[in-house]
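# Requesting a structural model of the entry that follows:
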Amino acid sequence: MLDLDDLRRRYRELSSVEDSKEKIIEELFSQVEELRKDLTKAHDEVDNHKELVAMFKDKSNKDKEALEMKNRDHARLSFISVLVDGDCMNFQDSLIQSGYDGGQKAVQLLRKAVEDYLFQLDPEANPRIQCKIRVYANVSGLSKTYRDTNIAPVDGTLEAFIQGFNMENGLCDFMDAGNGKECSDMKIRALFEQDILDVHCQRVIFCASADNGYARVLGPHRDLQEGILQQCHAAEDSPSELRFGSENNTTSVTINVGCEPTIPFTPYFGSNL
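A predicted model of the protein is given here:
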């Protein structure tokens with residue numbers, strides 16, 4: 001005969017075991033759910049990180065393209081400025097006497113001399129950089145001096161020479177500063193101040209007399225940027241020279257009143273370049 005009490009006891013034991021098993025299973029499900037949530041969260045974080053990386057990479061590429069475009073635009077607008085005080089930096093006799101052809105030849109020689117000079121400074125420099133050459137002079141006074149020294153052309157004027165000079169290249173100008181001692185100086189100084197502050201101007205080649213008359217204008221720019229402008233020694237056979245050069249791509253100043261046979265100047269009324 002069945003023992004009812006024993007049966008109840010055994011049933012309670014089995015129920016207790018079943019309850020424990022169910023509890024363990026529930027706990028396992030709960031832990032699995034927590035792990036699933038953590039995994040989903042980790043996946044979301046990874047996806048967000050990937051999106052951020054892609055966004056920053058895209059922005060970096062766009063910034064790089066923009067910088068390259070800016071550098072290309074800057075390179076297209078970059079130029080070398082050659083400023084010549086024509087009252088004291090006088091062109092060779094043969095060029096003056098050749099009139100129109102002499103003016104054209106003077107520009108060709110000047111541009112070639114500038115190219116050679118820049119190549120000596122930096123063989124890696126852009127050979128196609130624009131070169132602006134501007135000559136200011138008291139044309140009437142200069143013409144009279146050439147006539148008095150029997151150098152002037154047959155017509156006794158510099159008109160043909162200046163016309164040839166200006167027609168040879170659109171960036172090269174020979175301009176009459178007016179009949180006055182300081183007219184050319186004022187024009188040259190103003191252009192220098194303008195060019196030295198122009199971010200597109202890579203170098204200023206300054207051709208003037210040896211009396212240091214322009215030192216007051218050039219002096220303040222010696223400390224334009226520390227280490228960029230450096231004073232160098234006077235050239236051989238030059239009564240006075242100040243030269244400042246740059247070792248990087250920033251604007252620099254070259255004040256050269258020494259002898260340079262490749263540039264078509266002769267020393268009639270001052271030092272020659």
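
# Now do the domain split for the protein, please.
Structurally, the chain divides into domains by automatic domain parsing as follows: 1-77, 78-266.

# Pull the distance from the shortest one to the chain's centre.
Shown here is domain 1-77, whose average C-alpha point lies 53 Å from the average C-alpha point of the whole chain (CA atoms, centre = their mean, to the nearest Å).

# one step back: mind putting the domains of the chain in TSV, mean neighbour count and mean pLDDT included?
(C-beta placed from N, C-alpha, C; glycine too.) Below are the domains of the chain laid out as TSV (neighbours: other CB atoms under 10 Å; pLDDT from 0 to 100):
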stretch	mean neighbour count	mean pLDDT
domain 1-77	10	81
domain 78-266	17	74
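
# following the host helix or strand of residue 37, which helix or strand comes up?
Under the assignment given by DSSP states H and E, the secondary-structure element containing residue 37 is helix 4-77. Next in sequence after helix 4-77, counting helices and strands by DSSP H and E, comes strand 79-85.

# Mind listing the strands that following strand pairs with, and their directions?
strand 130-137 (parallel), strand 201-207 (parallel) (DSSP bridges).

# so which of those gets nearest residue 41?
Ranking these by their distance to residue 41 (criterion: CB to CB) puts strand 201-207 first, at 55.9 Å.

# angle of the closest one against helix 4-77?
Computed by axes from the mean of the first three to the mean of the last three CA atoms, to 10 degrees, the angle separating strand 201-207 from helix 4-77 equals 20 degrees.

# now for the next helix or strand after strand 201-207, which elements pack on it?
The first helix or strand that comes after strand 201-207 along the chain, using DSSP H and E, is helix 215-218. Identification of packing neighbours for helix 215-218 by 3 or more CB pairs under 8 Å, 6 or more residues apart in numbering; DSSP states H and E yields helix 183-196.

# ok, back up a step: what would the strands paired with strand 79-85 look like in CSV with distance to residue 169?
Putting these into CSV (distance: least, CB to CB, whole Å) gives the following:
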stretch, distance to residue 169
strand 130-137, 8
strand 201-207, 16
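
# Who does residue 174 form a beta bridge with?
According to DSSP bridges, the residues that bridge with residue 174 are residue 135.

# I'd like the distance between it and residue 84.
With the distance defined as CB to CB, to the nearest Å, residue 174 ends up 9 Å from residue 84.

# Need the overlap of contacts for these two.
Residues touching both residue 174 and residue 84 (CB atoms under 8 Å, 6 or more residues apart in numbering): residue 135.

# right, and residue 200 touches residue 79 too?
Yes: because the distance of 6.1 Å satisfies CB atoms under 8 Å, residue 200 is recorded as touching residue 79.

# And the strands paired with strand 79-85: which comes nearest residue 57?
strand 201-207 (33.4 Å).

# Next, the angle from the closest one to helix 183-196.
Calculated by the same axes, to 10 degrees, strand 201-207 forms an angle of 160 degrees with helix 183-196.

# Quick one: closest of the strands paired with strand 79-85 to residue 24.
Using CB to CB, the nearest of the strands paired with strand 79-85 to residue 24 is strand 201-207, at 80.5 Å.

# May I have stretch 143-152 exported as CSV, CA atoms only?
Output of stretch 143-152 as CSV, limited to C-alpha atoms (Å, rounded to 0.1, in the frame of the first residue of the first chain):
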residue,chain,number,x,y,z
SER,A,143,67.1,111.7,-72.5
LYS,A,144,69.0,115.0,-72.1
THR,A,145,71.9,113.2,-70.4
TYR,A,146,72.0,110.6,-73.1
ARG,A,147,72.0,113.4,-75.7
ASP,A,148,74.8,115.3,-73.9
THR,A,149,76.9,112.1,-73.8
ASN,A,150,76.2,111.3,-77.5
ILE,A,151,74.6,108.0,-76.5
ALA,A,152,71.0,108.9,-77.5
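
# Pull the distance from that stretch to the chain's centre.
Mean C-alpha position of stretch 143-152 versus that of the full chain (CA atoms, centre = their mean) differs by 42 Å.
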